[in-house]
Structures are given as C-alpha cells and as structure tokens.
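# Starting from these lines, generate the structure:
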Amino acid sequence: KRPFLKAVTLHTDLGDIKIELFWEKNCIALCGFMVQTGDPAGTGKGGTSIWGRKFEDEFSDHLKVSQCGVVAMANNGPDTNASQFYFTYAKQPHLDMKYTVFGKYVFFCL
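Residues are numbered from 1 along each chain as shown. Predicted structure coming up:
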C-alpha cells in the first residue's frame, strides 16, 4: 500500500496555502493522472486571470508534461488560459504542447 499525503502546501508570493487532502474518501489524483484547481467560485468554469482576460499559450520544447510533477495551465482550447491549473501525478506525454507548463513540484509522485 502506497503512503498518501494528507496535506500539500502551495507557496505563492502572497503566502503559503496549505491544502488538506481527503485521500481516504476520494480517488486521489484522479487515479494517478492529475489534480486540477483554480476555480474560486466552484462553478467548474474557473475564474479570471490576473490580467482580467484570457491569455495566450506559451510552449517550449524543454517544458513538457511528459514527466511527473508538472504544473501547467488548464484551458478550453488554444489561447484560453485564465485561472485554472493542474499538476500531474504521472507522465502525461499526450498533453505536451497543448498546455502551458510553468512549474514542477518535487515532493510526491505516484
């Protein structure tokens, strides 16, 4: 049996956000795929970006989703980034060059 995290911390310029995970009652990390967040109203539509509008994708050959622990923008198609983002719990090469990768966490991968 794998040990699961009970909490994660997102470090931001405005302070840390500690998130308690309900791992005993949920299929954590969408069964080894990813976790998505950034929907402040909980409507499923997300919120607005810091620019108040959707913004364009930024792709790079050396920043890909084909490794565990990637943090990337979620979107509804090309150039529709806003507030939602996700982090992967396993390699997802089929997502390469479709989502803007902006970070990587190094603490926990399945």
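# I'd like the next helix or strand past the helix or strand bottoming out on mean pLDDT in the chain.
One helix or strand of the chain scores below all others by mean pLDDT, DSSP states H and E: helix 29-32, with a mean of 56. Tracing the chain past helix 29-32, the next element assigned as helix or strand by DSSP states H and E is strand 34-37.
# Which strands or helices does that next one pack on?
Judged by 3 or more C-beta pairs under 8 Å, 6 or more residues apart in numbering; DSSP states H and E, the packing partners of strand 34-37 are strand 85-88. For the C-beta atoms, the positions are set from N, CA and C on the backbone; glycine is no exception.
# in this structure, which residue is closest to the centre?
Most central in the chain under C-alpha atoms, centre = their mean is Tyr86, positioned 1.4 Å from the mean C-alpha point.
# My read is that that residue contacts Asn75, right?
No - with contact defined as C-beta atoms under 8 Å, Tyr86 and Asn75 do not form a contacting pair (10.2 Å).
# Can you list the residue ranges for strands in the chain?
7-12, 15-20, 34-37, 70-73, 85-88, 101-104 (DSSP state E).
# Export those to CSV and append columns for distance to Asp61.
Listed next are those as CSV, based on distance: least, C-beta to C-beta, whole Å:
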stretch, distance to Asp61
strand 7-12, 27
strand 15-20, 31
strand 34-37, 21
strand 70-73, 14
strand 85-88, 18
strand 101-104, 11
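# how about JSON lines for those, with distance to Asp57 and mean pLDDT added?
Rendered in JSON lines, the data for those read as follows (distance: least, C-beta to C-beta, whole Å; pLDDT from 0 to 100):
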{"stretch": "strand 7-12", "distance to Asp57": "22", "mean pLDDT": "71"}
{"stretch": "strand 15-20", "distance to Asp57": "25", "mean pLDDT": "74"}
{"stretch": "strand 34-37", "distance to Asp57": "17", "mean pLDDT": "79"}
{"stretch": "strand 70-73", "distance to Asp57": "8", "mean pLDDT": "91"}
{"stretch": "strand 85-88", "distance to Asp57": "13", "mean pLDDT": "88"}
{"stretch": "strand 101-104", "distance to Asp57": "10", "mean pLDDT": "88"}
